[in-house]
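In: sharing a sequence plus its predicted fold:
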Amino acid sequence: MENDSRNNLEKLKEEYHNIPVPASARENMMAGIEKAKKEKRMRIVIQFTKKTGLTAAAALLAITVMANVSPTTANAMENIPVLGTIAKVVTFRTFEDTKDNYEAKIDIPQVSIGDQANTEVNKSIEEYANQLIAEYEKEVTEDVAGEGHYSVTSSYQVVTDNDKYLSLRINTTVIMASGADFVKIFTIDKATGQVVTLKDLFRDKADYIQSLSDNIKEQMRAQMAADDSKMYFFESGEEAAEDFNQITGDESFYFNGNGELVLVFDEYTVAPGYMGVVEFTIPKSVTGDIG
């Protein structure tokens, strides 16, 4: 379905450039846009990543039980080369499962920075992975796929490793008829060993949500004006109620090689599915030198 949506949009773009009457072409394009916006229902599939119902105890119990009853759960202390001078990431556990038309492979990393235990950070990472596993088990039990196919794949990568921060990005793909990609990034202050939020970064800037949001909207507007293939849920007229208005402050983020803040949005949240996971680099003129 995702490929069909993308193919349909590509076809519409081709028609836009070939039809000599701009108004007619625009109507066709807008019809495609409206169809793409309906893809936002896929956010239902990924909402479980934002649930807060799992307590730490329940999450720990879930993974303990699964480790004991599932022969396909692997414990692999796979060492990853040292990152920078003081940070290291290892694969603490890999959950794997295959049942009929269901399958899952979820890598669960563990972070160590210098001599710090980083207990709280690793607890948060494990709880997040436990939510993925628990939701997968729930879908299997309820047989939501029916005659179809359901799979969950989650892996990780280090996207920031500088003098101040380590950012661990967890990429997850859920496939059920169509696919949904989403991201969770744990950005860790190397000095304290604690996960930092946008609020932490901008504790001295009360209006940071507005300033970051305004810059993102400027980027959306500029990208759509420059490239017909770019589309965001923004300034869409009749769909204005569903348009992007401002960030929540809970977005995942990392710092690029220039020390600029990069905000990451899950697939379907601010753009149609064909756009995939969307990132916006915020210039230092907006954020100041925080990275």
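Out: Looks like it came in fine. Numbering: from 1, shown residues only.

In: Ala177: neighbour count?
Out: 13 (other Cβ atoms under 10 Å). C-beta coordinates here come from the backbone N, C-alpha and C atoms, glycine included.

In: please read the previous query as pertaining to Gln157.
Out: Counted with other Cβ under 10 Å, Gln157 comes out at 12.

In: that one belongs to a strand?
Out: Yes. Assessed by DSSP: H, G, I helix; E, B strand; the rest coil, Gln157 belongs to a strand.

In: give the contact list for it.
Out: By Cβ atoms under 8 Å, 6 or more residues apart in numbering, the residues touching Gln157 are 168-169, 171.

In: tell me the bridge partners for it.
Out: Arg169 (DSSP bridges).

In: ok, it to Thr172 distance?
Out: 12 Å (Cβ to Cβ, to the nearest Å).

In: kindly report the same for Tyr165.
Out: For Tyr165, the distance to Thr172 - Cβ to Cβ - is 22 Å.

In: check Tyr268 too.
Out: In terms of Cβ to Cβ, Tyr268 sits 13 Å off from Thr172.

In: what's the burial count for Met224?
Out: Met224: 15 neighbours (other Cβ under 10 Å).

In: after the helix or strand it falls within comes which helix or strand?
Out: Element membership for Met224, per DSSP states H and E: helix 208-226. Downstream of helix 208-226, the next assigned helix or strand under DSSP H and E is strand 252-255.

In: what comes up buried for that following strand?
Out: Buried residues in strand 252-255, counted by 16 or more other Cβ atoms under 10 Å: 252-255.

In: who's the closest residue to Gly193 other than its chain neighbours bridged to?
Out: Among residues not flanking Gly193 along the chain, Gln116 sits closest, at 4.3 Å (Cβ to Cβ, 6 or more residues apart in numbering). Counting by DSSP bridges, Gln116 is bridged to Ile113.

In: before we move on, the earlier item: higher neighbour count, Tyr268 and Thr172?
Out: Tyr268 (26 against 21).

In: helix, strand, or coil at the more buried one?
Out: coil.

In: Ala129 now?
Out: helix.

In: Ser285 too?
Out: helix.

In: and Val140, by the same measure?
Out: Going by three-state DSSP: Val140 is helix.
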